[in-house]
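K.L.:
Dropping the sequence and predicted coords here.
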Amino acid sequence: MDKGIIPLTPELMALISGKDISEVLPFKREIFILNDFVAGTSFSERIGEVLDELKPGIMMTLRRHPENEIDNNAIGIYYKDIQIGWVHRRYNTVIARLMDSGKMFTCKIVEKDTSNPEWPRIDVNIYMLDI
């Protein structure tokens with residue numbers, strides 16, 4: 001019987017924790033890509049549902065929208081499955097190509113300014129996940 005060390009894999013971590021593999025990423029690293037504001041918050045119909053919850057440090061997800069009629073490199077920014085805006089068009093081309101090739105991205109709120117209720121400004125840092 002072999003008593004060697006069993007390699008730690010994402011599948012083994014998922015089995016041990018009882019969680020989905022996507023929830024168990026013990027060796028992930030966030031690579032800072034850029035700092036910008038969330039574009040289009042004034043067009044988000046549901047941002048009011050979560051605006052009070054959006055505080056510095058909150059992580060949000062990025063999702064590709066290649067079917068977008070205005071910009072086929074569009075990347076939506078989501079919190080709790082509510083789209084609050086977009087990655088600014090001036091930066092989305094490279095990120096979209098990386099996402100299309102399988103890279104994962106996330107963003108973290110740095111600052112929020114709601115002094116203008118028609119346009120909540122949310123500054124974020126965007127990270128690529130190295131898994």
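P.N.:
It's in.

K.L.:
Show me where this protein has its strands.
P.N.:
With DSSP state E, the ranges of strands along the chain come out as 29-37, 59-64, 75-79, 82-86, 104-113, 121-130.

K.L.:
Need these in CSV (columns: mean pLDDT, distance to residue 48 and mean neighbour count).
P.N.:
In this view, the C-beta of every residue, glycine as well, is placed from N, C-alpha and C. Listed next are the strands of the chain as CSV, based on pLDDT from 0 to 100; distance: least, Cβ to Cβ, whole Å; neighbours: other Cβ atoms under 10 Å:
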stretch, mean pLDDT, distance to residue 48, mean neighbour count
strand 29-37, 95, 18, 14
strand 59-64, 97, 16, 17
strand 75-79, 98, 12, 22
strand 82-86, 97, 10, 21
strand 104-113, 97, 14, 17
strand 121-130, 96, 13, 18
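
K.L.:
would you turn these into CSV with distance to residue 50?
P.N.:
CSV is the format used below for these (distance: least, Cβ to Cβ, whole Å):
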stretch, distance to residue 50
strand 29-37, 17
strand 59-64, 10
strand 75-79, 5
strand 82-86, 5
strand 104-113, 11
strand 121-130, 11
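
K.L.:
The closest residue to residue 42 other than its chain neighbours and residue 67: what is the separation?
P.N.:
Spatial nearest neighbour of residue 42, excluding adjacent residues (Cβ to Cβ, 6 or more residues apart in numbering): residue 119 at 4.5 Å. Distance, residue 119 to residue 67, by Cβ to Cβ, to the nearest Å: 26 Å.

K.L.:
So those two - more neighbours on which side?
P.N.:
residue 119 (13 against 7; other Cβ atoms under 10 Å).

K.L.:
pLDDT value on that one, please?
P.N.:
For residue 119, the pLDDT comes out at 93.

K.L.:
swap in residue 21?
P.N.:
For residue 21, pLDDT reads 48.
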